[in-house]
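[1] What follows is a protein structure lacking sequence information:
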Ligand code: 4AD
Ligand code: MG
């Protein structure tokens with residue numbers, strides 16, 4: 001007999017049919033004559049209840065079935081006697097694939113802390129929370145490709161190993177095949193990267209943008225969706241050393257077009273989650289509410305997960321310049337009362353997440369797009385305004401802060417070259433990037449959405465380590 005997934009059974013509820021299900025035991029309760037097994041196969045959040053007659057299936061076999069065991073059950077579906085589910089499976093035959101020693105199996109049918117589950121990330125997929133998060137994650141990946149495909153974009157694979165540092169932040173992981181204990185040296189005593197695998201120094205990419213720009217100046221509308229790597233030593237709930245980024249890049253788009261695209265795209269993803277992940281979101285909504293009960297009142301969010309998602313859909317994002325935002329922050333209560341960790345003194349200050357969240361959660365009370373930042377706190381490639389600002393845009397979300405960073409790009413050769421000189425970025429190494437400004441250059445714009453930041457928003461999880469299967473953070477690369 002062919003196995004059927006629990007998702008399909010619960011969608012159809014074919015009472016009276018004979019089926020074979022396979023999965024992992026969440027719980028087993030036994031009375032004298034019957035055993036009740038809750039089975040989950042990961043296809044959906046819900047479990048299927050198995051009813052096993054002790055005499056028929058055998059006491060010895062049933063006693064080997066405990067939480068975590070993998071089993072297959074053949075039987076007839078019947079209308080459920082108990083509350084909570086419409087159908088249950090009356091077992092004719094049970095096969096044990098793998099037992100799980102109840103003395104040793106770390107996941108018991110009780111609430112475990114997220115911190116503990118991070119230490120057993122190889123098993124945490126088997127919990128409701130992580131199976132829900134990973135199903136939502138899959139749906140978001142699918143929706144991203146769907147959105148761009150439907151809007152005439154082409155997906156470009158940008159390289160993972162590069163010789164450039166697109167953001168210029170110097171936070172790259174080096175890639176080498178040299179013997180780091182005894183590397184070859186040049187005549188100045190420095191490591192001789194000419195002898196390295198690529199004949200030069202290379203690193204893992206921090207962004208696929210520069211390559212996406214090359215493709216956009218031919219295919220018009222492109223996007224990348226790949227892993228990016230940053231060796232920034234920030235141990236926060238919103239930073240990973242390895243995260244996934246979606247980077248659309250569009251020829252002939254200016255900053256306004258870029259903002260329109262980003263807002264439409266984010267709203268599409270939120271709507272997709274609401275439409276396609278209802279059961280998992282309902283579970284995550286309740287999980288978030290439960291978690292927040294243990295927080296002091298002022299740290300709880302004003303809205304539940306689903307309510308917050310619908311709220312973002314309904315409201316237009318507020319578009320504000322950096323200069324205006326600084327005015328608002330300077331005059332804000334927490335700034336005047338020195339409640340911020342970083343007090344905003346003057347124009348030019350880099351915004352911290354506390355400031356971004358103040359603007360979104362307290363002042364505007366909706367997502368905000370900040371534009372036209374000082375050029376000194378942004379990357380070299382951004383389009384320069386007449387004053388000391390660049391055509392940057394950051395999108396700020398409640399609870400998260402920056403979720404998107406993007407800009408219109410500097411398409412004028414001379415201006416770009418001058419800026420690179422000011423920042424000591426070697427033009428000769430970036431000759432291919434400069435070439436696009438020499439031949440058929442056009443205004444163009446793009447942005448990067450941090451996929452895991454988006455995942456935080458649509459799952460209501462509060463730590464970024466819990467929305468990627470295997471987080472990479474400082475001092476942690478287990479699994
Ligand atoms: O603002 P960032 O650095 O922008 C870029 O990399 C541009 N090249 C994007 C572009 O214009 N094509 O990063 C973009 C987004 C941030 O807004 C944030 O959501 C996410 O990437 N991000 C991180 N997410 C998790 N962990 C980190 N360490 C992150 N750093 C950035
Ligand atoms: Mg940024």
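    Looks like it arrived, so ask away. Please read all numbers here as calculations on a predicted model, not as lab measurements. Numbers count the residues shown, from 1 in each chain. Ligands and ions are numbered 1, 2, ... in the order given.

[2] hang on, isn't residue 438 packed against residue 413?
    Yes. In this structure residue 438 lies within contact range of residue 413 using CB atoms under 8 Å: 5.9 Å. For glycine as for every other residue, the C-beta is placed from the backbone atoms N, C-alpha and C.

[3] Same drill for those two, tell me which one is more crowded.
    Set residue 438 next to residue 413 and count neighbours by other CB atoms under 10 Å: residue 413 wins out with 15 against 9.

[4] got a list of what the closest residue to the more buried one other than its chain neighbours touches?
    Spatially, and ignoring its direct neighbours in sequence, residue 413 is nearest to residue 437 (4.1 Å; CB to CB, 6 or more residues apart in numbering). Going by CB atoms under 8 Å, 6 or more residues apart in numbering, residue 437 touches 410-413, 416.

[5] which of those residues are buried?
    Neighbour counting with 16 or more other CB atoms under 10 Å marks 410-411, 416 as buried within the contacts of residue 437.

[6] With secondary structure, distance to residue 471 and pLDDT added, can I get those in a markdown table?
    Shown next, in a markdown table, are the buried ones among the contacts of residue 437 (DSSP: H, G, I helix; E, B strand; the rest coil; distance: CB to CB, whole Å; pLDDT from 0 to 100):
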| residue | secondary structure | distance to residue 471 | pLDDT |
| --- | --- | --- | --- |
| 410 | coil | 35 | 98 |
| 411 | coil | 37 | 98 |
| 416 | helix | 36 | 97 |
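
[7] Ligand 1: which of those is nearest?
    Among the buried ones among the contacts of residue 437, residue 410 lies closest to ligand 1 (CB to the nearest ligand atom), at 12.6 Å.

[8] mind listing what the closest one touches?
    381-384, 416, 419, 437.

[9] the helices in the stretch 351-479 of the chain, which residues?
    With DSSP state H, counting those that start in this stretch as the criterion, the stretch 351-479 of the chain has helices at 353-357, 413-422, 431-438, 451-459.

[10] Check what pLDDT the residue nearest to residue 413 gets.
    Predicted confidence (pLDDT) for residue 437: 97.

[11] Same check on residue 152?
    The predicted local confidence for residue 152 is 98.

[12] Distance of residue 153 relative to ligand 1?
    Distance, residue 153 to ligand 1, by CB to the nearest ligand atom, to the nearest Å: 13 Å.

[13] cool, residue 242 as well?
    Taken as CB to the nearest ligand atom, the span from residue 242 to ligand 1 is 8 Å.

[14] Got phi/psi on residue 385?
    When read as degrees, to the nearest 10, the backbone of residue 385 gives phi -80, psi 180.

[15] OK, contacts around it?
    Contacts of residue 385 by CB under 8 Å, 6+ apart are 372, 391.

[16] give me that answer again for 6 Å
    By CB atoms under 6 Å, 6 or more residues apart in numbering, no residues touch residue 385.

[17] now do residue 416
    Per CB under 6 Å, 6+ apart, neighbours of residue 416: 410, 437.

[18] For residue 102, which non-adjacent residue is spatially closest?
    residue 66 is the one closest to residue 102 (CB to CB, 6+ apart), at 4.3 Å.

[19] Tell me if I'm right that the one you found and residue 101 touch.
    No. Judged on CB atoms under 6 Å, residue 66 makes no contact with residue 101 at a distance of 7.9 Å.

[20] So between the two, which is more surrounded?
    Neighbour tally, residue 66 and residue 101, criterion other CB under 10 Å: the higher count belongs to residue 66, 18 against 9.

[21] That one falls within a strand, correct?
    No. Checked against DSSP: H, G, I helix; E, B strand; the rest coil, residue 66 lies outside a strand; its state is coil.

[22] what's the spacing between it and residue 397?
    43 Å (CB to CB, to the nearest Å).

[23] Quick check: residue 391 touching residue 379?
    No. At 11.8 Å, residue 391 does not count as touching residue 379 under the criterion of CB under 6 Å.

[24] okay, these two: which has more neighbours?
    residue 391 (24 against 21).

[25] Next up, the contacts around the more buried one.
    Here residue 391 is in contact with 255, 383, 407-408 (CB under 6 Å, 6+ apart).

[26] And residue 390, by the same measure?
    Applying CB under 6 Å, 6+ apart, the residues contacting residue 390 are 375, 378, 382, 384.

[27] How about residue 224, nearest residue that isn't a chain neighbour?
    Residue 224 sits nearest to residue 208 (CB to CB, 6+ apart), 3.7 Å away.

[28] Retrieve the pLDDT associated with the one you found.
    97.

[29] Kindly report the same for residue 294.
    At residue 294, pLDDT is 88.

[30] Tally up the residues packed near it, please.
    8.

[31] Ligand 1 contacts on the stretch 301-450 of the chain?
    402-407, 446-448, 450 (CB under 6 Å from any ligand atom).

[32] neighbours of residue 305, just the number please.
    22.

[33] ok, now residue 55?
    9.

[34] Wait, a helix at it?
    Yes. Under three-state DSSP, residue 55 sits within a helix.

[35] Which residue, neighbours along the chain excluded, lies closest to it?
    residue 33 (7.1 Å).

[36] Same question for residue 204.
    Nearest in space to residue 204, with sequence neighbours left out and distances taken as CB to CB, 6+ apart, is residue 229 at 3.8 Å.

[37] how about the one you found, what does it touch?
    173, 204, 242.

[38] Could you rerun that using 10 Å?
    160, 171-173, 175, 203-207, 240-243, 472 (CB atoms under 10 Å, 6 or more residues apart in numbering).
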